[in-house]
Every structure is written in C-alpha cells, then in structure tokens.
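[1] Predicted structure and sequence below. I'll ask about it afterward.
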Amino acid sequence: MTFRISGLLLACLTFIAALPASALDIDVSEFKLGNGLHVVVIPDHRAPVVTQMIWYKVGAADEPQGKAGIAHFLEHLLFKGTAKYPNGAFSQIVRINGGTENAFTTQDYTVYHQRIAKQHLSLMMELEADRMQNLVLTDANVLPELLVVLEERRERTDNDPSSLLAEQMSAAMYTAHPYGKPIIGWMSEVLQLKRQDALDFYRTHYEPNNAVLIVAGDVTAAEVEALATKHYGGLKNLAIAEPRRRTLEPAPIAERRVILTDARAGSPVWQRSYLAPAEATANGKEALALQVLADIIGSGSRSRLYRALVVEQKIASHAGAWYSGDGLDYGSFGFYAAPNQGVELTAIETAIDAVIADVLKNGVTEGELDTTRNRVTADSIYMLDNQEALARTIGAALATGRSVKDVLDWDRNLAAVTVKDVSEAARAVLERKNSVTGLLLPGAEPPITGGVQN
Amino acid sequence: MSNLRIWLLQALVLALLVSPAFAFEVEEVTSPGGIKAWLVQDKAVPLIAIKFSFRGGNALDPEGKEGSANFLTGMMDEGAADLDSAAFQKLRDELSFKMDFDAERDHFEGLFQTLSRNRDASFELLRKVLTQPRLDAAPVELVRQQLLLSVAERSEDPEQVASAAWMKLMLPGDPYARESSGTLASVSTITADDLHAVHELIFNRRTLQVAVVGDIDAASLGLVLDRVFGGLPDRPEPQALPPPEITEGPVLKIIPRDIPQSIIVFGHEGIKRADPDFIPAYIMSEILGSGSFGARLTLELREKRGLTYGVSADLAPLDRLGLFIGSLGTRNEKAGEALSLVKQELARMAKEGPTAQELADAKTYLTGSYVLRFDSNATTAGQLLGIQQDDLGIDYITMRNSRIEAVTLDQVKAQAKRLLHGDKLIVTVVGQPEGLTN
C-alpha cells in the first residue's frame, strides 16, 4: 500500500471484509477497447461520486528470481511522475480536485484507485492512462522511496510478531510456488532493488491488454465507454504478452509446524492453514463448498468452533475459520484461536482437531446450510451500500481469471451447493499433510527482526 | 509556463466552478413521543442505517473500573429481555441485522443496520438490547476473557503503548487519559452490577441523538423511534467534569522496546470544535499534517528523506478540551532526526503560516472531497450524527463548504501562530530510539 492508514487515538477505522457478492441485481456492463483493455462499469447513482480502479494482472508472484518486492516497490514509484505530469503532479491534481487515492499490491495483481466527484472522471482517466506507459524514474526519486518501503516493512511486519508469524507460515506452506515470498519482499532482497529493476518490471507488465479498468458510481456505460476510448484507446501494447507461468507446488507430503517465540507478543496465538484450490482453479462447486464450510465451521459467534471452544469449553476467547480463494493458483483454508489466560496451546489444538474430525466424519447439516445461504443473501444486499467493496470484489475476480457473472451470481451458485459437496471438499482439503500449523508464543527474548543473515 | 502549471491551473478552475451537489435532503423528524432524529430517505437500496449516541462515554467509567463502558459494548449482543445469548444471536442471524457499539471518550455510540423487509422485527430486538440487556453471568465471563486478551495485546502494540502513554503524560489523572479498554486489574473486577450501573448512567433519552438513512419514511420512523427509544429513562445529565489539567511541555518520555522501528507520538493542546476559529485551524492542520503527498510533514520526512512510511498530525477535539496529536514511525537510528524535523516544521508553520497556494489547494481539496463522506447509508448516518454531537445545525452540510471558502490566509496564519508550539511538544517514543534522551 502506498499510504499508511493510521488509526491512532481518536481516529476510527472500518475494515471492509472481502465478502463474496451474490445475486446482485445491478446492471454491470463490460467491454473491451481495441487494444485489449477490459472495462467494467458498475452503476451507483446515490451520490455524485465515482471510483476509478485500474487492475494490472501482475503481482508479487510474477517477480523475477531475486527481486522479491519489486511489484510493490513499483507501485510506490508509480506516484513519482511522467514527462507530462512530473514531480508528484498526479497526486496534487487528484487532491486539489477533492479526490482521494491509494494503491495496493497482492501476489496476483496491482491496483491503483481514486474516488472523486464525478465531473473529474475524465481528468482521472487522463492521468491514469498517462502513467501506464510514461513513467520517468531517476535515482533522485527512486532512492528515498526505497527507504520508505523499508520503513513500511518495519512498521507492518518487523515490528509486529503476528505479521511475522503469518510471513513464516506462508514461507513454510509454499516450497516452490512464489506465494511463499512476502508481497513486500524479504529485507535481504528489498535492500538490493534498483531503479532499473523497477523499469524492467514496469515495461514488461504495464500494458492495456494486461489491465482491467473498473469505474463504479454515478456514471453510465456510454459515458465511460466514450471517456475510456478517448484516454486509454490510443495506448499500444509494447511488450510481448507472456503467459503467467509460476512454478507449481509439488503435492504436499509433510505437515509443517512453525513456532515463533517473541517477547513482544501480547498473548499466544494458534493458527493453521491448509493448501486449498482457488476459485479460479477449483473443480465444479468445490470453492463454493469451501466457502460454505468456512462459514459453518468458523464464522461468527454461532459457528461450530466458537460454540465449542469459546462458549462450551471456555478455553478460548476467539476461534474461527476462513477460506481465501481469490488467488490465481492456490487458495488456503485456515483456522485460528486465541486461548484464554492460562490455557495451553496444545489444549486448543486438540479441541480444534476434534471439531475438524467431526465435520470430516459427519459433514454439515441442511439447517446449517440454510443459515449460510441466508447470510450470503443478506451480505449481497449490504454490499450494494458499499461501492468500493463491490468494485474490489469484481476487480479481484477479473484479475484472477473469473467473470463478472461469477460474482453477480454468487448466491444463486451457492444455493446449488449440497451437504455432500461440503463433505467432499472438506475431505479433499483438510488433510494434515496439506497444512502448516503456526504457534506464536510470548517468550523472554525478542528475535532480532528486520535483519539480513550474512 | 511548464505543463504542470498549466494543468494545475485548469484543474483548479474546474474545481472552483463546480461545487459538490448533494442529492439528498435532511429532515428533522419528531416522533409522537417527542424523540427527534435527522432523516435522509433513500430507497435505492433496501436497507436502513440508524446511528445514535448518548452523551457520556468511557470518560464516565468509575475510578478502578476503567473499561466499564467498553465492556458494556461487548455485552450488547449477548442477550436481552426474554432472549438469552444463544436465542438472541439466532434471531439476529435470521433477521440479518448488523449491530455495532462503541464507547468513545465523550459518547456511547451505536450503529444498527437492517434489511428493510425485516425492519419491524429487527427494531424490536434493538429495543430489547437498549432497554433490557441481560448481562448474564456466563456471557459476562466470556466477554471478560476477550477483553483481557485485548488489553494484553494492546500492552505490547507499539502504537497503542505510545498513544496511551502520551494521553497519560498530557492529561495526568484526567478521565480522558485512562485506558479506555481498561487494565488487566480493572477488567478483572468489573461485575454485572457495575455494567448495569454504567447502562443506567449512560442510556438516557435526554442525551440521545439519532440519525437515520435509507429506506424508511418520516411517519414510519416516528413510530420506530418511540418503540426503540421510548422506554429509556429521561433525566438530567450528570454534572460536567471541569476542564482537564494540562502538562506544560516540552516533555519527552522513552519507553524501551526491542523493535527495529521507533514509534513517536507528539503533540500538545489543540482547539475545541466549538471554538469560533476551528475551521481556519482545521485547514492549517490539514496543510501541515494530513499525511497525503504534499502535506508539509509528509513532504519533508517521507518524500524528501525516506524517514517514514507515514507521518500525520491532526486536531482531536474533545468535549472538555482540544488536542493536537501526531505520530510517525522511523528506524531507530533516525528517531532524533525525525523528531527534530517535526519540531522544525511546526515552528516554520507557526512563524510563516502556509503559502497562498497551499491554502487555495487545501480549500479545493476540503470542499471537493466533502461529498465523498456521503456515499453510503452508514457513512452518511455517521456524518449526520457527528454534526448533531458538535451542535453545528441541520443546515451545516449545505453551509460547510462556503465557510471553508471564506477563510483568509491571515486567519490561518493566526491559528498556526496560536496553536503550534514545536518547542513545547509532549512526546512519547516506543522503541530503541537514537539521538533522543529522556
């Protein structure tokens, strides 16, 4: 992310959960320009505001060997300027017109976005189209930004034991596939990144036929088509498009365990994640079934895990499960719990394993499935009140090989999932050899973090 | 003239010509029973958001029972009236309403969102929650465990440690400086009776303020207001506390922690929202510390020198005083340099004020971006409630941008001079900072 989002003292932050949208009764349009740029328009006429998002189908998992962090570093550098809009003019123009902006990088895509009063959409497109291919980088604007990225890594990872545990767990999960590298990069590699690395990566991947433009808000498809053609239509594809081929993960054979002892941890944490199919790679209804399974087993205060560990056995303060399926190659199915004071993590692990064993043996009930369907239908209606969340959900789908229809038909598709589908998906994924178990233990000494092993 | 200047000029002209148009009207609804609410009707999405608050938040927690109001927020979905925790949560999920409570320093706030098709049944549950929370023994213990965990985690989180220590240093002994989530000791001793007492103290029709946005008309809302809030007591507020005692700076406190990046919180007294000069002061703080590219602190510390991922400073107006608080994170070896630069920028702003261009740019940003705060039911309800809490008047939304546009450079310079004191900062640092000593 280019900007820190700060929540100190009196500030208030709302986190938007990445909920799957469902039978959303809205008129989403999509079309392609002659140069291959995929354009999506999501109407929302309640306020005279638009959101522009450009999604490049390139992320940390597409980085060359030895250049971990270059996708994210380039995201920062895209704010530096072009010949036409030099020295931070982009951000200054957004700002004096009352807009807000930010950007973020994931393993599979990189996204730049602005929210602004609708009359400025043309100006936003002019700026975004310009920086797709005309970025000017000099050592003078690159070097201080590398220091900023190092500070970002210290602030968000090296200062924070739970982030370090997550990073170590991913590294253990993927033995060959690049999802094992952190998006921000390892300190040892980020320190070595150069201006030329950023330019090489930019020129290879920032192309109209490798991008999705999403415009949400108080606009019509016809208005967007005219403006997009004017501003983006003249861009050429300068690099030869290469398929995104990442090293496949060898089929897992050994369960793994990661233990981080850190004096800076306020309390112990237990986590486990299982390698799972992604929505883009799953067969049939498997990804939908995993979503249902995560909801029944571990979402909210009426889920199986919460009832067992928190309400009945009273050994944990929090317990839950999640399925993350929006990767291009793999997803993950995870469990977490925070023990009550004085409870050992072994007791937590035993209790969670019992919940998992029960679902593997007996499956889920029709009643539980109905509750999940009801929740997903309601979530889709709430999503209509959140322009940005809807745009993000659609963007993530398109950037990972799924369609707008997959998103809009979510609850229709989900209604077709049966208890048998859920059982089969659970048995396929929840095998210990697919898993990494992570323990965070408060200890006497903090590790020295943010360093490089010589 | 460079391309950049031409573009900026064109953009500026465009921004001045078009002021954000609001597609809605705010009406004041008074229920048959005399309860008032501000309403924006919007039938585009079949949802209703209601945001409400009672005056008196966690600053009213009794001594030794810090964290009581926060504890109560955790109990609101754990059963009410005839419904125990499990029965309540089952109904909540069937009806698909969302409920979120928050104990701020001066207000206890709630946000309740329902599908319009389940409106009446959902609001009936809200009535039970507000008037008859059960506070049963088992859920009290469950929530206590969650709060103890959260206190333990906050005690190791560098940003939380730095900001909590800053409040204690700035306002020693004042209720504002207490741990709003409580301490391990206080959370361990809070009883159901204590929570009932906090509920009695805070949930008062006299201090209730309500904002509603979405798929409901005024007449229906009137009936809902009486049903949901009509059963609450109506009585005088507790006597207001005196203004806090403020520590005179400069004061620096280092809290050692083995982390590679020092977290620095800095600030001093600010300005209350009711101050007639709040708007010029707010514009000044925006130019100095918004955290966006081009803001002075961001330009000097991040863009030019790569000292931080984020630095910002804000006015934080509370009921009994205003604060000015900023924060940044920087590698330990640069802590002294970063803090010196902050002090230098505060001093420069106090002495010279912003430039005419900075003021013009801040005005077009603040006026142009105001409409972005009203793009969902829930955020619009939050804005309307905030305007009521600050007593700015129901026409504030339409007046606000012209008040910003009317501010002069001299007014902003005067506020910079009045408010900013780089040589008198109260500072807390968590980490292993170099170049700083206690």
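    Sure, I can see it.

[2] Sketch out the low-pLDDT regions of the chain for me.
    With no chain named, the answer covers chain A. A:3-23, A:446 (pLDDT under 70).

[3] Actually, chain B is the one I wanted.
    B:1-23.

[4] closest point of chain A to chain B, which residue?
    A:Gly98 (1.7 Å; CB to the nearest CB). Placement of C-beta: from N, CA and C, glycine included.

[5] Assign that residue to one of the three secondary structure states.
    The three-state label given to A:Gly98 by DSSP: H, G, I helix; E, B strand; the rest coil is coil.

[6] Secondary structure element for the nearest residue to it once chain neighbours are set aside, which one?
    Excluding the flanking residues, the one nearest A:Gly98 by CB to CB, 6 or more residues apart in numbering or on different chains is B:Gly368, at 1.7 Å. Counting by DSSP states H and E, the element that carries B:Gly368 is helix B:356-369.

[7] How many neighbouring residues does the residue in chain B positioned nearest to chain A have?
    Nearest residue of chain B to chain A: B:Gly368, at 1.7 Å (CB to the nearest CB). In terms of burial, B:Gly368 registers 26 neighbours under the definition other CB atoms under 10 Å in any protein chain shown.

[8] how much space between it and A:Leu123?
    Using CB to CB, to the nearest Å, we find B:Gly368 at a distance of 12 Å from A:Leu123.

[9] Not counting its neighbours along the chain, what's nearest the residue nearest the centre of chain A?
    Residue closest to the average C-alpha location in chain A (CA atoms, centre = their mean): A:Thr106, at 5.6 Å. The spatially closest residue to A:Thr106, leaving aside those adjacent along the chain, is A:Gly59, at 5.1 Å (CB to CB, 6+ apart).

[10] quick one: contacts for the one you found?
    A:71, A:105-110, A:183 (CB atoms under 8 Å, 6 or more residues apart in numbering or on different chains).

[11] Likewise for B:Tyr282?
    By CB under 8 Å, 6+ apart, the residues touching B:Tyr282 are B:Leu315.

[12] what's the answer for B:Phe229, then?
    For B:Phe229, the contacting residues are B:35, B:52, B:127, B:130, B:205, B:208, B:210, by CB under 8 Å, 6+ apart.

[13] how about 10 Å then?
    Contact analysis of B:Phe229 by CB atoms under 10 Å, 6 or more residues apart in numbering or on different chains lists B:31, B:33, B:35, B:37, B:52, B:126-127, B:130-131, B:203, B:205, B:208, B:210.

[14] For the stretch 1-150 of chain B, which segments count as strands?
    B:27-30, B:36-41, B:47-55, B:98-103, B:107-115 (DSSP state E, counting those that start in this stretch).

[15] of all the ones you listed, which lies closest to A:Val212?
    A:Val212 lies closest, by CB to CB, to one member of the strands of the stretch 1-150 of chain B: strand B:47-55, at 28.2 Å.

[16] Please identify the pairing partners of the closest one and their relative orientation?
    strand B:107-115 (antiparallel), strand B:209-214 (antiparallel) (DSSP bridges).

[17] That strand vs strand B:36-41, what angle?
    Taking axes from the mean of the first three to the mean of the last three CA atoms, to 10 degrees, one finds that strand B:47-55 is oriented at 160 degrees with respect to strand B:36-41.

[18] Now strand B:47-55 - C-alpha only, CSV.
    The C-alpha trace of strand B:47-55 is given here as CSV (Å, rounded to 0.1, in the frame of the first residue of the first chain):
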residue,chain,number,x,y,z
LEU,B,47,-31.6,-1.1,3.8
ILE,B,48,-31.9,1.2,6.8
ALA,B,49,-29.0,2.5,8.8
ILE,B,50,-29.5,4.2,12.2
LYS,B,51,-26.7,5.7,14.1
PHE,B,52,-27.3,7.1,17.6
SER,B,53,-25.4,8.1,20.6
PHE,B,54,-25.7,9.0,24.3
ARG,B,55,-23.5,11.7,25.8
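
[19] Compute the inter-axis angle for that strand and strand B:98-103.
    Angle, strand B:47-55 to strand B:98-103, by the same axes, to 10 degrees: 20 degrees.

[20] what's the spacing between strand B:47-55 and its chain's center?
    15 Å (CA atoms, centre = their mean, to the nearest Å).

[21] Could you pull up the residues touching the one residue sitting closest to the centre of chain B?
    Nearest to the mean C-alpha position of chain B, by CA atoms, centre = their mean, lies B:Glu104 at 7.4 Å. Applying CB under 10 Å, 6+ apart, one finds that B:Glu104 lies in contact with A:10, A:12, B:53, B:56-59, B:69-70, B:180, B:318, B:389.

[22] part of a strand, is A:Ala265?
    No. Under three-state DSSP, A:Ala265 falls outside any strand and is assigned coil.

[23] from memory it sits against B:Glu156, does it?
    Yes. Shown here, A:Ala265 and B:Glu156 form a contact pair, counting by CB atoms under 10 Å, at 6.6 Å.

[24] Neighbour count: those two, which is higher?
    A:Ala265 (22 against 18).

[25] so how far is A:Ala338 from the more buried one?
    Taking CB to CB as the measure, A:Ala265 falls 11 Å from A:Ala338.

[26] what touches both of those two?
    Common contact partners of A:Ala265 and A:Ala338 (CB under 10 Å, 6+ apart): A:440, B:152-153.

[27] By neighbours, which of these wins?
    Within the shared contacts of A:Ala265 and A:Ala338, neighbour counts (other CB under 10 Å) peak at A:Leu440, which reaches 25 neighbours.

[28] Tell me the secondary structure of it, please.
    strand.

[29] hmm, back to that, next, the buried residues of the helix holding B:Gly368.
    Buried positions in helix B:356-369, judged by neighbour count with 16 or more other CB atoms under 10 Å in any protein chain shown: B:358-369.
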